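> with the input below, show me the fold.
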Amino acid sequence: MPTSPETCFSTQELKRLRARFDHLRGEKAEVDREIFCGQPELVSCPIIDMYVTELLDMHQVQGLNFNLFATTLSTLSPKAPREDKCKMALIAMGARPGDSTLQVERFAQFLRHMNPFLSRGESFERANEMLGEELGGMVPLETIALNIYALDYGSVLTVNF
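Numbering: from 1, shown residues only. Presented below is the predicted three-dimensional model:
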């Protein structure tokens, strides 16, 4: 992995992030998911735990190295484009590189995380309505991405770290 991740952060901001990363990891090589997701700035992001869990699974690692730490925070930055936030949402739903479809249930779960006032049934109903597909069905990622983009969850997926 490269030592300098591609992010929207300046060199100075990356230095501050490196110091915070080193503090959070302590004697370990990586920052644990629980420690990362428990940071006060991240607690308000409704899908952070889903995203980090899927990200670690996708990379087959136990914790966040500096690259994953910095790129995750970059995606959550106010400077990040909406497309990056949309990709984050798709990963949180379990999409992997090369996937072309996703189960409707995963989108319904995402909606429930984004709006905790939706009941399980309401989130499934809303997902079916938005995607035009029944539970158990598979939906093209492009369709899900367009719906996420239209919902404009960008402000909810933005934190200052």
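
> from His59, how far off is the residue of the chain most remote from its centre?
The centre of the chain is farthest from one residue, Glu27, which by Cα atoms, centre = their mean lies 26.2 Å away. Counting by Cβ to Cβ, to the nearest Å, the gap from Glu27 to His59 is 22 Å. (C-beta placed from N, C-alpha, C; glycine too.)

> check Leu42 too.
Per Cβ to Cβ, Leu42 is found 19 Å from His59.

> next one: Thr75
Thr75 sits 15 Å away from His59, going by Cβ to Cβ.

> give me the more crowded residue out of those two.
Higher neighbour count among Thr75 and His59: Thr75, with 21 against 13, using other Cβ atoms under 10 Å.

> gap between the host helix or strand of that one and the chain center?
In this assignment (DSSP states H and E), Thr75 forms part of helix 66-76. In terms of Cα atoms, centre = their mean, to the nearest Å, the centre of helix 66-76 is found 10 Å from the chain centre.

> which residues sit against it?
For helix 66-76, the external contacting residues (Cβ atoms under 8 Å, 6 or more residues apart in numbering) are 1-3, 5-9, 14, 17-18, 21, 31, 36, 42, 45, 48, 51-52, 55-56, 59, 61, 64, 80, 84-85, 87-88, 157-159, 161.

> which residues touch the worst-scoring helix or strand of the chain on mean pLDDT?
The weakest-scoring helix or strand in the chain, judged by mean pLDDT, DSSP states H and E, is helix 120-131 (a mean of 79). The contact list for helix 120-131, computed with Cβ under 8 Å, 6+ apart, reads 104-105, 107-109, 111-112, 115, 118, 134-135, 139, 143-144, 147.

> right, I'll call it a day here.
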